[in-house]
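S.K.: here is my input, please return the structure:
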Amino acid sequence: MLDTLLKEHVANLAKANKAVEDSAQSCMQETENVDKLISDTKTFITEINTVAAKNASNANDAIVNLNDSLRKERESIEKLWADISTENSTFQTSISSSLSKFQEDLAVESKVMDKLALRTT
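M.R.: Below is the predicted model:
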């Protein structure tokens, strides 16, 4: 009977030992899974940070290029405006001069017509 009791106790201990080993193996497997998940997460975060930094750099470069383009465009428009203003002033002066000349010619013609009208009457 002691022999049977001892065999059952040994069998129970073996089952308990097997259960502990299975549990330990399961915990080790889950620990490996968690470690891999943490490693993958760190890699993912590093990649996201790298991409975000690159995107920020590209956006900043694009903004600088756009700013330069807009500045050059503004300078071109300002120069064009100045050229148009100068040409407009020159054109107005030319028109005024032509009108003055036309008025002078018209006054001379009017005097000549008046003199001719006096001679014919």
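S.K.: for the helix or strand where F91 lies, what is the average pLDDT?
M.R.: Assigned by DSSP states H and E, F91 belongs to helix 2-120. Helix 2-120 shows a mean pLDDT of 94.
S.K.: now that helix, how far from the centre of its chain.
M.R.: Centroid separation between helix 2-120 and its chain, computed with CA atoms, centre = their mean, to the nearest Å, is 0 Å.
S.K.: what do you get for stretch 114-121?
M.R.: Remark: stretch 114-121 is offset 81 Å from the chain centroid, using CA atoms, centre = their mean.
S.K.: which residues touch stretch 59-78?
M.R.: By CB atoms under 8 Å, 6 or more residues apart in numbering, no residue outside stretch 59-78 reaches it. Just so you know, the C-beta spots here come from the backbone N, C-alpha and C atoms, and that holds for glycine as well.
S.K.: look up how far D83 lies from M28.
M.R.: Separation of M28 from D83 (CB to CB, to the nearest Å): 82 Å.
S.K.: do the same with S98
M.R.: 22 Å.
S.K.: how many other residues sit next to S85?
M.R.: 10 (other CB atoms under 10 Å).
S.K.: repeat that for the one 3 residues further on.
M.R.: Neighbouring residues of N88 were enumerated by other CB under 10 Å; the total is 10.
S.K.: how near is it to I95?
M.R.: Noted for N88: a distance of 10 Å to I95, by CB to CB.
S.K.: what of E8?
M.R.: Distance from E8 to I95, by CB to CB: 125 Å.
S.K.: repeat that for L13.
M.R.: Where I95 is concerned, L13 sits at a distance of 119 Å (CB to CB).
S.K.: enumerate every residue touching I45.
M.R.: I45 touches nothing, counting by CB under 8 Å, 6+ apart.
S.K.: so how far is K36 from it?
M.R.: As judged by CB to CB, I45 and K36 stand 15 Å apart.
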